[in-house]
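K.L.:
Prediction below, plus the sequence it came from.
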Amino acid sequence: MAASDGALPGSSATVDVAVDVERPASPDHGDLATNLALRLARPLGLAPRVIAEAIAARMGPGSSSGSTLIESATVAGPGFINLRFTDAALERGLGAALAAPMSWGRVASGGRARHVNVEFVSANPTGPLTIGNARGAFAGDLLCRVLEAGGQQVTREYYFNDSGAQVRNLGASVLALREGREVPEDGYHGDYVADLARAIPAEALAPAGATDEDAAWSAGRWASEQIRAGIEASLGTLGVHFDVWKTEGSLHAEGWVERAIERLRGSGHLYEQDGALWFRSTSFGDDKDRVVIRSNGEPTYFASDLGYVTEKFSRGFDHLIYIWGADHHGTVARVRNAAEAMGFDKAAVEMILTGWVRFVRDGVEVSMSKRAGNFVTLDELLSEIGVDAARWFFASRGANMNIDFDIELAKKQSSENPVYYVQYAHARIASILRKAREVGLAAATDLGGVAADGPDGALARVVVRYPEVVEDAAAAQETQGVTTYATDLATAFHAFYRDAKVVDAADPVTSGRRIALVEATRVTLANALGLLGISAPDSM
RNA sequence: GCGCCCGUAGCUCAGUGGAUAGAGCGUUGGGUUCCGGACCCAAAGGUCGCAGGUUCGAAUCCUGUCGGGCGCGCCA
């Protein structure tokens, strides 16, 4: 625009540059900043500050292109243009939070929402979930929540094997204990196996005269379903609820694996060698080809993957996300390659690999083996540190990061954990609002002036940022930004509380406006915590 | 050997190419006449593993290198 009215010489041509608009780190730099002029400097052949001055002059109040939402546009540093919101812009944001608290910050899906399938945990039911499964459970659920907040439709899915050798093995271990024998060397040794041995009902036992093999399968099927139900209950206490529990066996029984293989064969990417059936994964950049059907006629786990991808897409999902441990990174390429070979969009098949959690107790790493029965269950962990603290811990760290989790430290610091800091701010506000009701004060509908400079404006500026935080989190598929923001908002509130009196019968007008501001803050804190699956208590 | 992930304050971690690299914990010092002191204010603490490169600008992108983790089955 500056070019078209002649303020900038010799540049009526169209230029195409990528421009960033962002939140400055320092409040001194206003509410928004753009590097527009820095990016235009090269194509226009002009000094960045010259361009910036010309543009800023046309964005401020009273200018032809000025907005009622922009208080000022100033040039700073090498050529940044810093914008400052007007009170009206801030009040519009507060008003939105107060008018529709439930949807405040949630991104409305324009048109048809993208359907996403998120598969996570997927631990086979041969033992209770351990702290080793915590990462996947929380990372998966947090991802789902952030996608939902971003306007997408999410299906949470748990995949497990109810018919593999592990099940027979489990059954053999249960039967051994029930009959007073030693658990086989390669069997399962946890206390839960003994519990199952005591509880197994007659119906789950094979009829007299059955082979040991049949007896083990029968007991194993019963035991694994008990364990699966226990896993579902454990996840429930974490606030993680799955929409679909899918078995590997069903993929074979319903013909999905077979159809997937035919699909691959039809595309010419299968060949036989050494009596086995191979997928030519190397055609897609993998380091080696992969066996689909073993020479003994048994399909591989990879074959099930093929069937599962096909089955998932048949349900109409636009996007598939797998949450896997970092040790599975070697299988990412082959599954995505196979999806492509079967004619699906490779970009629609996404794997998120979680980093390792090194659990530590009093400085000593907690090592675990499910088979040896030497492990800490998820239930035990949660009973020690609480769901809210655990959720916050994982939400505030990148999913792919290797992290340390000191259980004793988490317990010891629980009262100083950032999650309680944020919850405390919420409880404090709830208390203030109760107080206001007691003295007959209510939120003002006219916010006029509440967002002016001073403690009120500083708080309002943080509150109105919330929708952008959610949008960024959904786009990045990460939650760290939400925890950081929630902490910032709590800090802003505590500072406001120090400097401003909310409930003041002597000044009902200011009180009314501040009650509205504080209520908007409470709604925002509650929504941010809710987005992470963390409670927002009215007292604590 | 090849491949992938990770190296940021004493500790645990944020930081989608931007301005003076942040938070919590820990350390040091200070703050209650008033709506919740699980709070607030201040200070100390950094070669962003190292070395090059790309550019107006790099913790961020590229290359190399060191350190840690993981993976390289007709296992799941």
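P.N.:
Perfect, I can see it now.
K.L.:
can you point me to the longest helix in chain A?
P.N.:
The residue-count maximum for a helix in chain A (DSSP state H) belongs to helix A:212-237.
K.L.:
For that one, buried residues please.
P.N.:
Neighbour-count burial for helix A:212-237, with 16 or more other Cβ atoms under 10 Å as criterion, is recorded at A:215-224, A:226-228, A:230-232, A:234-235. All C-beta atoms are positioned from the backbone trio N, CA, C, and that covers glycine.
K.L.:
for the record, mean pLDDT for the helix or strand just after that helix?
P.N.:
Using DSSP states H and E, the helix or strand that follows helix A:212-237 towards the C-terminus is strand A:244-247. Here strand A:244-247 scores 97 as its mean pLDDT.
K.L.:
before we move on, what about stretch A:48-57?
P.N.:
Mean predicted lDDT for stretch A:48-57 stands at 84.
K.L.:
Next, the buried residues of that stretch.
P.N.:
Result for stretch A:48-57 [16+ other Cβ under 10 Å]: buried residues A:48-56.
K.L.:
can you check stretch A:184-196 too?
P.N.:
A:187-190, A:192-194, A:196.
K.L.:
Could you tell me which of those are located in helices?
P.N.:
Reading helices off the buried residues of stretch A:184-196 with DSSP H, I get A:192-194, A:196.
K.L.:
In CSV: the residues you listed, plus pLDDT.
P.N.:
Shown next, in CSV, are these (pLDDT from 0 to 100):
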residue, pLDDT
A:192, 93
A:193, 95
A:194, 95
A:196, 96
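K.L.:
now, among those residues, which is nearest to residue A:344?
P.N.:
residue A:192 (39.4 Å; Cβ to Cβ).
K.L.:
what separates that closest one from residue A:130, distance-wise?
P.N.:
Using Cβ to Cβ, to the nearest Å, residue A:192 is found at 11 Å from residue A:130.
K.L.:
Ok, residue A:246 next?
P.N.:
22 Å.
K.L.:
Neighbour count: these two, which is higher?
P.N.:
residue A:130 (21 against 17; other Cβ atoms under 10 Å).
K.L.:
residues in contact with residue A:166?
P.N.:
Residues in contact with residue A:166, defined by Cβ atoms under 8 Å, 6 or more residues apart in numbering, are A:124, A:126.
K.L.:
Near RNA strand B, which residues of the stretch 101-250 of chain A are found?
P.N.:
A:124, A:161, A:164-166, A:248 (Cβ under 7 Å from any atom of the strand).
K.L.:
got the contact list for the closest residue to residue A:376 other than its chain neighbours?
P.N.:
Spatial nearest neighbour of residue A:376, excluding adjacent residues (Cβ to Cβ, 6 or more residues apart in numbering): residue A:131 at 4.9 Å. Applying Cβ under 8 Å, 6+ apart, one finds that residue A:131 lies in contact with A:357, A:359, A:366, A:368, A:375-378, A:380-381, A:405.
K.L.:
would you list those residues in TSV and tack on pLDDT and secondary structure?
P.N.:
Shown next, in TSV, are those (pLDDT from 0 to 100; DSSP: H, G, I helix; E, B strand; the rest coil):
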residue	pLDDT	secondary structure
A:357	91	strand
A:359	88	strand
A:366	80	coil
A:368	67	coil
A:375	72	coil
A:376	83	coil
A:377	90	strand
A:378	92	helix
A:380	90	helix
A:381	90	helix
A:405	90	strand
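K.L.:
ok, of those, which come out buried?
P.N.:
Buried among these by 16+ other Cβ under 10 Å: A:357, A:359, A:366, A:375-378, A:381, A:405.
K.L.:
Check which helix or strand residue A:313 maps to.
P.N.:
Residue A:313 is part of helix A:301-314, with elements assigned from DSSP H and E.
K.L.:
residues of that helix that come out buried?
P.N.:
For helix A:301-314, burial by neighbour count (16+ other Cβ under 10 Å) applies to A:302-313.
K.L.:
what does stretch A:421-432 give?
P.N.:
A:422-430, A:432.
K.L.:
Go back to those and keep what's next to RNA strand B.
P.N.:
A:424, A:427-428, A:430, A:432.
K.L.:
Geometric centre of chain A: which residue is closest?
P.N.:
residue A:143 (2.1 Å; Cα atoms, centre = their mean).
K.L.:
for chain A, which spans come out with low pLDDT?
P.N.:
Along chain A, the model assigns pLDDT under 70 to residues A:1-16, A:61-66, A:368-374, A:450-452.
K.L.:
any idea how far the residue located most distally from the centre of it is from residue A:175?
P.N.:
Largest separation from the mean C-alpha position in chain A: residue A:209, at 51.5 Å (Cα atoms, centre = their mean). From residue A:209 across to residue A:175, the span is 15 Å (Cβ to Cβ).
K.L.:
swap in residue A:472?
P.N.:
For residue A:472 relative to residue A:175 (Cβ to Cβ), the value is 54 Å.
K.L.:
between the two, which one's more packed in?
P.N.:
residue A:175 (24 against 16).
K.L.:
contacting residues for the nearest residue to that one once chain neighbours are set aside?
P.N.:
Excluding the flanking residues, the one nearest residue A:175 by Cβ to Cβ, 6+ apart is residue A:219, at 5.1 Å. For residue A:219, the contact set (Cβ under 8 Å, 6+ apart) comprises A:170-172, A:174-175, A:200, A:204-206.
K.L.:
Near residue A:383, how many residues? Count them for me, please.
P.N.:
Other residues close to residue A:383 by other Cβ under 10 Å number 11.
K.L.:
still on that earlier bit, tell me which of the residues of the stretch 101-250 of chain A next to RNA strand B is nearest to residue A:324?
P.N.:
For those, the nearest to residue A:324 is residue A:124 (14.1 Å; Cβ to Cβ).
K.L.:
Run through the residues that contact the closest one.
P.N.:
Per Cβ under 8 Å, 6+ apart, neighbours of residue A:124: A:160-161, A:164, A:166, A:224.
K.L.:
Swap in 10 Å and give it another go.
P.N.:
A:159-162, A:164, A:166-167, A:170, A:224, A:227-228, A:231, A:248, A:370 (Cβ atoms under 10 Å, 6 or more residues apart in numbering).
K.L.:
if we look at RNA strand B, which of the buried residues of stretch A:48-57 are close to it?
P.N.:
Restricting the buried residues of stretch A:48-57 to those near RNA strand B - Cβ under 7 Å from any atom of the strand - leaves none.
K.L.:
Pick the one among those residues closest to RNA strand B.
P.N.:
Using Cβ to the nearest atom of the strand, residue A:48 comes nearest to RNA strand B of the buried residues of stretch A:48-57, at 7.1 Å.
K.L.:
Name the nearest residue to the closest one, ignoring sequence neighbours.
P.N.:
Nearest non-adjacent residue to residue A:48 (Cβ to Cβ, 6+ apart): residue A:79, at 2.9 Å.
K.L.:
Also residue A:395?
P.N.:
Per Cβ to Cβ, 6+ apart, closest to residue A:395 is residue A:479, 4.3 Å.
K.L.:
Equivalent analysis for residue A:317, please.
P.N.:
residue A:117 (4.4 Å).
K.L.:
Which helix or strand contains that neighbour?
P.N.:
strand A:115-119.
K.L.:
returning to what we had before: most widely separated two among the buried residues of stretch A:48-57?
P.N.:
Longest span within these, Cβ to Cβ: A:48 and A:56, 11.9 Å.
K.L.:
who touches both of those two?
P.N.:
What both residue A:48 and residue A:56 touch, as defined by Cβ under 10 Å, 6+ apart, is the set A:36-37, A:75, A:80-81.
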